[in-house]
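Novice: structure of the sequence below:
(4 chains, ligands or ions: 4)
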Protein chains: 4
Amino acid sequence: MKVSIYGAGRVGISVAFSLLHYGIVDELVIVDIDKNRAEGEALDLLHASAVFKYCNIYAGKPEDTKDSDFIIITAGRAQRPGETRLELLADNVRIIKEISENIVRYSKDSLVINITNPVDVLTYFIWKFSGLHSSKVFGTGTTLDTARLRALLAKHLDISPASIHAYVIGEHGDSEFIPLSNAMVGGVPLTDFCEKCEKKAGDTIPCISFEKIANEVKTAAYKIIEKKGATNLAIGAVTAKLIDSIWKNERRVWTPSVYIEDVYIGYPAVLGRKGVEKVMHLTLEKDEQEKLEYSKAVIRRAIKEIEAAMLI
Amino acid sequence: MKVSIYGAGRVGISVAFSLLHYGIVDELVIVDIDKNRAEGEALDLLHASAVFKYCNIYAGKPEDTKDSDFIIITAGRAQRPGETRLELLADNVRIIKEISENIVRYSKDSLVINITNPVDVLTYFIWKFSGLHSSKVFGTGTTLDTARLRALLAKHLDISPASIHAYVIGEHGDSEFIPLSNAMVGGVPLTDFCEKCEKKAGDTIPCISFEKIANEVKTAAYKIIEKKGATNLAIGAVTAKLIDSIWKNERRVWTPSVYIEDVYIGYPAVLGRKGVEKVMHLTLEKDEQEKLEYSKAVIRRAIKEIEAAMLI
Amino acid sequence: MKVSIYGAGRVGISVAFSLLHYGIVDELVIVDIDKNRAEGEALDLLHASAVFKYCNIYAGKPEDTKDSDFIIITAGRAQRPGETRLELLADNVRIIKEISENIVRYSKDSLVINITNPVDVLTYFIWKFSGLHSSKVFGTGTTLDTARLRALLAKHLDISPASIHAYVIGEHGDSEFIPLSNAMVGGVPLTDFCEKCEKKAGDTIPCISFEKIANEVKTAAYKIIEKKGATNLAIGAVTAKLIDSIWKNERRVWTPSVYIEDVYIGYPAVLGRKGVEKVMHLTLEKDEQEKLEYSKAVIRRAIKEIEAAMLI
Amino acid sequence: MKVSIYGAGRVGISVAFSLLHYGIVDELVIVDIDKNRAEGEALDLLHASAVFKYCNIYAGKPEDTKDSDFIIITAGRAQRPGETRLELLADNVRIIKEISENIVRYSKDSLVINITNPVDVLTYFIWKFSGLHSSKVFGTGTTLDTARLRALLAKHLDISPASIHAYVIGEHGDSEFIPLSNAMVGGVPLTDFCEKCEKKAGDTIPCISFEKIANEVKTAAYKIIEKKGATNLAIGAVTAKLIDSIWKNERRVWTPSVYIEDVYIGYPAVLGRKGVEKVMHLTLEKDEQEKLEYSKAVIRRAIKEIEAAMLI
Ligand SMILES: NC(=O)c1ccc[n+]([C@@H]2O[C@H](COP(=O)([O-])OP(=O)(O)OC[C@H]3O[C@@H](n4cnc5c(N)ncnc54)[C@H](O)[C@@H]3O)[C@@H](O)[C@H]2O)c1
Ligand SMILES: NC(=O)c1ccc[n+]([C@@H]2O[C@H](COP(=O)([O-])OP(=O)(O)OC[C@H]3O[C@@H](n4cnc5c(N)ncnc54)[C@H](O)[C@@H]3O)[C@@H](O)[C@H]2O)c1
Ligand SMILES: NC(=O)c1ccc[n+]([C@@H]2O[C@H](COP(=O)([O-])OP(=O)(O)OC[C@H]3O[C@@H](n4cnc5c(N)ncnc54)[C@H](O)[C@@H]3O)[C@@H](O)[C@H]2O)c1
Ligand SMILES: NC(=O)c1ccc[n+]([C@@H]2O[C@H](COP(=O)([O-])OP(=O)(O)OC[C@H]3O[C@@H](n4cnc5c(N)ncnc54)[C@H](O)[C@@H]3O)[C@@H](O)[C@H]2O)c1
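Specialist: Ligands and ions are numbered 1, 2, ... in the order given. Reported below is the predicted structural model:
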């Protein structure tokens, strides 16, 4: 199985490193405009592969990504002093445009997973530029946020994340939210769980602690970036797990950024060997539905803004 | 880590074989009154261990189970022509009584997992005879039935069992049932899922296919026993997974047979290194609550019957 | 990934059960002339799959094996009272002839792994009857015996089987042997290890205990069959591991039954996605070379005998 | 199971991240003088744990390491402009002295694995300062170099690293070497393998390519550091694997830095739950033995130098 990763930065390498642990990859190509960085990381990864399963890992050019099973996009550049958010964004759109063209040229049958931020917006443009079917192109969406939610709930409730069935959906950004009406813990609605829980923190539903947790999820990235400059480990772990699950054709429900109506947005969907195999139909409360629509609107606006600025 | 298994029959050996795949056991003792069988299986398992992680596996006597981390009970005998169900049961109670005494003698700090049928009733007596705390003694309960339900729903819905959050609870027997009001598929209530599902088979909720699946779960054992004489693989896989999960202290929610009020019954509970760490509080609809009470009554009656017959 | 197993007996089902633990199979077809048995086992396995990764498992006909990635052969029948070894063998050759024809008809691109005994002889005929390239057809050969050797040495030396590099080669039968000159333990020749080992049992090389272990390996099957009627767990574990390793394209060295000169025989070879990717060239001492030639002669004679008897 | 890691730098975090994949840790404490960095990494790791098994991960003080099963040391500081190698070393010795004292204070029953360079020398001082038994204190030694060798040979020979039994031993530094007389590939001495190999590059033994590979192993760190500033992934993967293997009590042979005569040096040894359970006795050729003695002398000299400089 062949995986190509665009971007040998903190995120790209975390994905690659985590992925090695599954022993499923035969060939791993790392493409970065910083050739040195890509070569150094590829060599370190190659040595690591001896621990799991030998994998042919090397720093490559776009043409080396030929016939990949998965293309992972983490390439991007950081903000420069004095430039506007839109200037940066326009530049990153140009980067993913070039990558999209290379995908179609060399690996049109691959599954494409985008991580570069703003993930929902850029996934939309990768889909647009590549012309691939929307089931073949998706972003990590709110899978990372969902993992964070489960980790924090697991810590709070003393229960395995595997038994906590709660999702973060919407834009991977400030407008994301937790449709609490659908959250369950081991067969118990989370709201009931809190009510009956010995640890109950207040008499409202959701309990006070839950609001705190939801807020921690939303601000997690800011906090980590403030402390260590970037987030990379959890997104690496989540993406590698996604790839393994898809490769094994598990058909689990995740919250990738998938195509709904006219935008890409984080929403429960089944991922399997064919890509996005099914988008779920959540049953949302009225206020949750409104939050979702609002989140779509945020993404829609960002797309339009770029289209206007870039005359796409 | 040390595991002792009472019973080298089809079930006991399936548990042992599956368990080897996790590479977590150092010493595995197999106790059976049929010494030859136990020795043959132990040798075959010992050879198999080379594939995973070497494990010291041997056929032993009760005293060899000393200081086990887990005691797994699968010992029992089959019905003899002409004897009544109660005669058989009384005999099996005598067998587990002896085993319970050995547990207290040699491994009073171990976790005890009972599989021998009728699993809820016998787990109750193991708890009674051993005098151990109820958090240390539990049965496989409806964990097998829950696995069956998820496999069949996975097949029907084309979605991973890992994303299907539905439980079978109650007696591991005819009075077990699925509290449908709590069943979710990837964040969607199963009842809604069926309603909106393209595969919808009828206009009732749950859809016709669901009734069929629920019935298949309940009759699965009969069907398999009719065709191959016994069921052993799925219960082996489920029990080994339980042991691995407990050993890693995952604290997942399972449906083991746990002590509730005055009986042992299959019910969602958190299992971790300390054993039964938390019994969940399900929010049941009225008819579901009635089914649960009925199921408890069935088990309670069986316990009383044995106590009467054996003058316990 | 699709696997088809011929034979739902003890061995076939052990392979299937072990294989589920790797979570790599999508479709598993079990073909047996005893339809009931195959159906019962398939259902039990299907339920077990919920614990690992859902797999579409069913009892099928040869046409259901279409486009398998792996075909595993464990079909055979046991000796009947009064019949000669050759009569039984002729019958089993007829069975594998039919299977070979079905392989070519439905799955000519699959890898074929034979387990049915006498494994070397029957693998030869499967290769002959199917007309497939010899890199696509191989037997389990002495992989089981090698696992047994490592388990027993591990027990004796208190060292992981993973650090014991010793092989059993030759006929999977009485003429098999251990080329001791090539056996290493963690970088130390086994012969030196014994000499310097605190546990040294004699002053000859190999030490007395080693002769005992070598003998235990050779007689393991007899002993287990005497005690439990058949051997199935270790061969199941070894074969499933083989399949996983091949599927992941690990290219490890095993001792499968591979085509050498004019026979199939257990010999170190590299197995990968393309099948037998390389047969090693052992450097043997003179007496070891003689043993190997003798073992080949034994297999060659058996092949000729059948060809004569069946007028192939 | 509890692990404490000193040093939240590139290496420490790679160890932690890789370790999460094994799902065996319950509590993970990260201690760094840079509190912010440790907190950021701990939070990112905590989120990642949701993908595997929830783990209580936090940035802590030495007292939080209480009762750890493993202490991993990666703390150190880089060279400052103008200072001598010995000045830096003396400072790092002071750092590990403080850590050693904390180990004895809070976790005297833990296994201690040192990674900080110069690994052999510092492991010696950790042993000295802590006063722990030498079986409880070891360094990663040449385990990383051995992994590199196997990865590169695997690439060259198209064979799994798992079937390549070759070791790098000696100082983790310029005087390390490969005792070629003991190197095997799937039962074939590496020297023979090269001779008979179709890829043979020259008529000397070892073939020309082998010399190149041996040299690549030795210079790997320099090359990677030149390209990406540090090496961290392979050492992270190797150390996490070590911890998993030890925790499972596999008793594999590795090449940790272990106490031999009067120094710590990379040498084949069996690692299990009790720590260094057995140091192997390699059978070396004369020139190999000389290389080993030279390597010991290099380490011995470094130890003396520090003892003199620090008046220890
Ligand atoms: N979706 C999520 O949940 C999530 C989480 C974390 C980070 N991210 C995003 O991931 C992206 C990468 O983050 P990072 O921390 O790895 O950044 P980074 O700066 O460490 O790495 C980015 C890499 O991309 C390379 N690059 C730039 N242009 C390229 C091109 N045309 N082709 C190939 N490579 C190119 C750079 O040289 C650099 O090595 C960012 O956009 C970040 O916001 C997303
Ligand atoms: N709970 C579940 O979900 C579930 C599923 C399947 C089977 N089961 C039950 O598991 C039990 C075992 O089934 P099986 O198919 O393995 O039966 P089996 O007859 O194959 O094996 C039972 C073994 O117990 C041994 N035994 C009898 N008395 C003993 C004693 N005093 N000490 C030690 N060993 C003793 C027998 O010699 C025999 O080897 C049965 O009660 C069966 O109903 C439970
Ligand atoms: N190579 C090894 O290392 C090794 C180890 C153990 C067993 N074996 C061999 O494996 C074989 C199977 O052993 P077992 O214990 O499973 O035997 P078994 O009798 O339990 O099972 C054999 C199965 O094959 C079925 N069968 C017969 N003819 C068939 C046909 N034409 N098509 C499909 N299925 C057919 C039978 O119905 C039966 O279910 C034997 O030959 C045994 O000697 C080999
Ligand atoms: N043995 C090997 O095979 C191997 C391989 C790679 C790296 N290394 C070594 O590992 C060490 C760490 O490398 P790195 O790249 O992670 O360095 P790094 O500079 O990224 O991290 C070192 C960390 O140690 C911390 N630290 C300093 N003093 C401390 C103290 N008293 N207590 C706690 N933390 C303290 C620093 O704040 C820093 O975060 C180096 O010595 C390096 O040479 C060894």
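
Novice: what's the first helix or strand after the helix or strand of chain A with the lowest mean pLDDT?
Specialist: Least confident helix or strand, chain A: helix A:190-196 with a mean of 74, by mean pLDDT, DSSP states H and E. Toward the C-terminus, helix A:190-196 is succeeded by helix A:208-228 as the next helix or strand (DSSP states H and E).

Novice: neighbouring contacts of that following helix?
Specialist: With contacts defined as C-beta atoms under 8 Å, 6 or more residues apart in numbering or on different chains, helix A:208-228 is touched by A:145, A:148-149, A:152-153, A:156, A:168, A:174, A:176-178, A:180, A:190, A:194, A:199, A:201-202, A:206, A:230-231, D:36-37, D:39-41, D:43-44, D:47. Where you see a C-beta, it was placed from the backbone N, CA and C, and this is true even at glycine.

Novice: does any bit of the least confident helix or strand of chain A sit next to chain D?
Specialist: No: Helix A:190-196 lies out of reach of chain D by C-beta under 8 Å from any C-beta of the partner chain, never closer than 15.7 Å.

Novice: and that helix, how far from the chain's centre?
Specialist: Distance, stretch centre to chain centre, for helix A:190-196: 29 Å (C-alpha atoms, centre = their mean, to the nearest Å).

Novice: please identify the buried residues of it?
Specialist: Neighbour-count burial for helix A:190-196 flags A:L190, A:T191, A:D192, A:F193, A:C194, A:E195 (criterion: 16 or more other C-beta atoms under 10 Å in any protein chain shown).

Novice: next, give me the two most distant ones among these.
Specialist: A:L190 and A:E195 (9.7 Å; C-beta to C-beta).

Novice: show the pLDDT at the residue nearest the centre of chain A.
Specialist: Central residue of chain A (C-alpha atoms, centre = their mean): A:T140, 1.8 Å from the mean position. With respect to pLDDT, A:T140 has a value of 98.

Novice: what sits closest to it if chain neighbours are left out?
Specialist: A:I115 (5.1 Å; C-beta to C-beta, 6 or more residues apart in numbering or on different chains).

Novice: equivalent analysis for A:G275, please.
Specialist: Closest to A:G275 by C-beta to C-beta, 6+ apart is A:S135, at 4.2 Å.

Novice: isn't the one you found up against A:R273?
Specialist: No: at 11.0 Å, A:S135 and A:R273 do not qualify as touching, with contact defined as C-beta atoms under 8 Å.

Novice: neighbour count for these two, which is higher?
Specialist: A:S135 (18 against 14; other C-beta atoms under 10 Å in any protein chain shown).

Novice: residues contacting the residue of the stretch 1-150 of chain A found nearest ligand 4?
Specialist: For the stretch 1-150 of chain A, the residue closest to ligand 4 is A:D44, as judged by C-beta to the nearest ligand atom, at 9.6 Å. Residues in contact with A:D44 (C-beta under 8 Å, 6+ apart) are D:I224, D:K228, D:T231, D:N232, D:L233, D:A234.

Novice: in three-state terms, label it for me.
Specialist: Counting by DSSP: H, G, I helix; E, B strand; the rest coil, the backbone at A:D44 sits in helix.

Novice: tell me the pLDDT of it.
Specialist: Reported pLDDT for A:D44: 98.

Novice: what sits closest to it if chain neighbours are left out?
Specialist: Distances taken as C-beta to C-beta, 6+ apart put D:L233 closest to A:D44, at 4.3 Å, once the chain neighbours are dropped.
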